[in-house]
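Asker: After the sequence you'll find the predicted model.
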Amino acid sequence: MDGPYGAPMADMLQIRYPATGVEAELAITDATIKAPDLRQFLVGTEPLATFDPGFMNTAVCRSSITYIDGEAGVLEYRGYPIAELAEKSTYLEVAYLLLNGKLPNPTQLAEWELLITEHRLLPDKLRTVLAGFPYDAHPMTILMASVAAFYSFYPDARNFEDPEARDLNIARLIAKMPTLAAFAYRKGKARPYVNPDDNYGYCHNFLAMLFKQNERRYVADPRLVRAMEVLFILHADHEQNCSTNAVRSVASSGNDLYTSASAGIGALHGPLHGGANEAVLKMLREIGTVDRVPEFIEGVKAGKVRMMGFGHRVYKNYDPRAKIIKKSVEDVFEVTGVNPLLKVAQELEKYGLTDDYFVRRRLYPNVDFYSGLIYEALGFPPEMFTVLFAVPRTSGWAAQYQEFITDPEQKIMRPKQIYTGARTRDYVPMEQRT
């Protein structure tokens, strides 16, 4: 038997509200129902809605960019497994993939890399903006404000319905983010800025702008460059997370890419989103040595301390990114020397994978567990860790922004609320207020 519009009954949800006697069959598409279909059920005078703090079970868009199966521990960009991309591609290849839906051929990649190279420099007057920040300003604050300021220099970004203008501003943002991040870092160190070098690739150039001292040319160890490429690929996109949702929400009111991306940076700055790897390092330092791990584990089980870097809102299996980063840790430590905290991390991971307490709760290592060790080994202070998340995530934000503004189903975001305050109160004149 078919339901309304000829849809099979298996794809319909039957709902009956006894209080009013209203019955309806709601179409199920992609394991969802359309929330507006619930409005036909009136509860008193109010149409029925769902209450979902944190969007725990609400789909806000259709997207073809990133696929995650949290139960199986799967992450794919445009259908390509993350492990293959991390092993075989560069970050700019992956950025092209996210934006265009396909991997570039050699000619397309060369043109894309040239476009990025042409737009690496920051506007001269932006240096005046940078000079206005205190020397100890958090680099994420500098990043957020400066990206928002880009719109003042490139007002054509508001022409986002023009594909050429949109593509140009996407390239500008992806190109300038490493330069801006490096300038923010060097400002905090009271070091002179280092302009991008056209002879270097994206990640090598980033390392040069960060760490070049008095040497004529900065040459990074290829293993470090590759580790940075891998980290950037792993952080390029991650579906509808907090910062991506912020980008889409700000874009929904008709905003340009720069304003929308600055909102994403602000969301990422929160310790519950982008700052978790810093918390992992703090935890490892507090444990200190391998022999103190059992004591720490008992504290976790007793609810006295938290195990940072384990568990994830989406993944109920080993985070696929964590497996890849674990290999990069070994490569980086070949160059920089082994951080003694690595043994503590490995011992914690062993408990996480074998101890029944963690196995039953499906608390596996996530991407933040090892990434902080790499960043520290490369010489980054903790306040730069989130910046190293924001730089590669720019390509994902840009791809999500592009998908949102070209999606005819999308509207300005305006969620409902459940009002819990007072109603229709009598105004009290000032002299009568106690």
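Answerer: Yep, it's here.

Asker: now the helices for the stretch 51-200 of the chain?
Answerer: 82-88, 91-100, 106-118, 126-131, 139-153, 163-188 (DSSP state H, counting those that start in this stretch).

Asker: closest one to D426 among those helices?
Answerer: Between D426 and those, the tightest spacing by Cβ to Cβ is seen for helix 139-153, at 43.4 Å. No exception for glycine: its C-beta is placed from N, CA and C like everyone else's.

Asker: counting contacts, what elements does the closest one pack onto?
Answerer: In terms of contacts (3 or more Cβ pairs under 8 Å, 6 or more residues apart in numbering; DSSP states H and E), helix 139-153 is packed against helix 126-131, helix 163-188, helix 257-268, helix 385-405.

Asker: Output those in a markdown table; the columns should cover distance to A145 and mean pLDDT.
Answerer: Shown next, in a markdown table, are the helices and strands packed on helix 139-153 (distance: least, Cβ to Cβ, whole Å; pLDDT from 0 to 100):
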| stretch | distance to A145 | mean pLDDT |
| --- | --- | --- |
| helix 126-131 | 7 | 91 |
| helix 163-188 | 10 | 97 |
| helix 257-268 | 7 | 98 |
| helix 385-405 | 13 | 97 |
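
Asker: So for T50, which of the ones you listed sits nearest?
Answerer: Comparing the helices and strands packed on helix 139-153 by Cβ to Cβ, helix 385-405 comes nearest, at 21.8 Å.

Asker: now that closest one and helix 163-188, what's the angle there?
Answerer: Helix 385-405 runs at 170 degrees relative to helix 163-188, counting by axes from the mean of the first three to the mean of the last three Cα atoms, to 10 degrees.

Asker: so what does helix 385-405 touch, helix or strand wise?
Answerer: helix 91-100, helix 139-153, helix 163-188, helix 222-234, helix 242-251, helix 257-268, helix 276-287, helix 368-377.

Asker: ok and it relative to helix 257-268, angle-wise?
Answerer: Using the same axes, to 10 degrees: helix 385-405 against helix 257-268 is 130 degrees.

Asker: Tell me the gap between helix 385-405 and the middle of its chain.
Answerer: Centroid separation for helix 385-405 versus its chain: 7 Å, with Cα atoms, centre = their mean, to the nearest Å.

Asker: Show me which residues of that helix are buried.
Answerer: Neighbour-count burial for helix 385-405 flags 385-405 (criterion: 16 or more other Cβ atoms under 10 Å).

Asker: What of stretch 208-223?
Answerer: Neighbour-count burial for stretch 208-223, counted by 16+ other Cβ under 10 Å, picks out 208-212, 218, 220, 223.

Asker: In CSV: those residues, plus secondary structure and pLDDT.
Answerer: What follows is the buried residues of stretch 208-223, written out as CSV (DSSP: H, G, I helix; E, B strand; the rest coil; pLDDT from 0 to 100):
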residue, secondary structure, pLDDT
A208, helix, 96
M209, helix, 96
L210, helix, 96
F211, helix, 95
K212, coil, 94
Y218, coil, 91
A220, coil, 92
R223, helix, 94
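
Asker: how about JSON lines for the helices and strands packed on helix 139-153, with distance to Y151 added?
Answerer: Listed next are these as JSON lines, based on distance: least, Cβ to Cβ, whole Å:
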{"stretch": "helix 126-131", "distance to Y151": "12"}
{"stretch": "helix 163-188", "distance to Y151": "9"}
{"stretch": "helix 257-268", "distance to Y151": "4"}
{"stretch": "helix 385-405", "distance to Y151": "13"}
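
Asker: Ok, which of those helices comes nearest V250?
Answerer: Within the helices and strands packed on helix 139-153, the stretch nearest V250 is helix 257-268; the backing value is 4.2 Å (Cβ to Cβ).

Asker: could you say what helices and strands that closest one packs with?
Answerer: On a contact count with 3+ Cβ pairs under 8 Å, 6+ apart, helix 257-268 meets helix 139-153, helix 163-188, helix 242-251, helix 385-405.

Asker: Apart from its chain neighbours, what residue comes closest to Y80?
Answerer: Nearest non-adjacent residue to Y80, counting by Cβ to Cβ, 6 or more residues apart in numbering: L97, 7.0 Å away.

Asker: From A227, how far out is that neighbour?
Answerer: For L97, the distance to A227 equals 20 Å [Cβ to Cβ, to the nearest Å].

Asker: would a markdown table of the helices and strands packed on helix 385-405 with distance to R414 be doable?
Answerer: A markdown table is the format used below for the helices and strands packed on helix 385-405 (distance: least, Cβ to Cβ, whole Å):
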| stretch | distance to R414 |
| --- | --- |
| helix 91-100 | 28 |
| helix 139-153 | 23 |
| helix 163-188 | 24 |
| helix 222-234 | 34 |
| helix 242-251 | 10 |
| helix 257-268 | 16 |
| helix 276-287 | 30 |
| helix 368-377 | 33 |
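
Asker: Out of those, flag the one nearest M56.
Answerer: Closest to M56 of the helices and strands packed on helix 385-405 is helix 242-251 (Cβ to Cβ; 12.8 Å).

Asker: low-scoring stretches of the protein, by residue?
Answerer: By pLDDT under 70, the low-scoring segments of the chain are 1-10.

Asker: most packed of the helices of the stretch 51-200 of the chain?
Answerer: The highest mean neighbour count among the helices of the stretch 51-200 of the chain belongs to helix 91-100 (a mean of 23), with neighbours defined as mean count of other Cβ atoms under 10 Å.

Asker: and it, what other elements does it pack with?
Answerer: Helices and strands touching helix 91-100, by 3+ Cβ pairs under 8 Å, 6+ apart, are strand 74-77, helix 82-88, helix 106-118, helix 202-211, helix 222-234, helix 385-405.

Asker: centre of the chain versus it, how much separation?
Answerer: 16 Å.

Asker: Output that helix as CSV, nothing but the C-alphas.
Answerer: Extracted in CSV, the C-alpha atoms of helix 91-100 (Å, rounded to 0.1, in the frame of the first residue of the first chain):
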residue,chain,number,x,y,z
TYR,A,91,46.9,19.9,1.5
LEU,A,92,46.2,22.1,-1.6
GLU,A,93,45.1,19.0,-3.5
VAL,A,94,42.6,18.3,-0.7
ALA,A,95,41.5,21.9,-0.6
TYR,A,96,40.8,21.7,-4.3
LEU,A,97,38.8,18.5,-3.8
LEU,A,98,36.7,20.0,-1.1
LEU,A,99,35.8,23.0,-3.2
ASN,A,100,35.3,21.3,-6.5
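
Asker: which residues are in contact with it?
Answerer: 65-66, 77-78, 80, 85, 89, 103-104, 108-109, 112-113, 116, 170, 174, 201-203, 229, 232-233, 236-237, 392, 395-396, 398-399, 402 (Cβ atoms under 8 Å, 6 or more residues apart in numbering).

Asker: got the angle between it and helix 202-211?
Answerer: 120 degrees.
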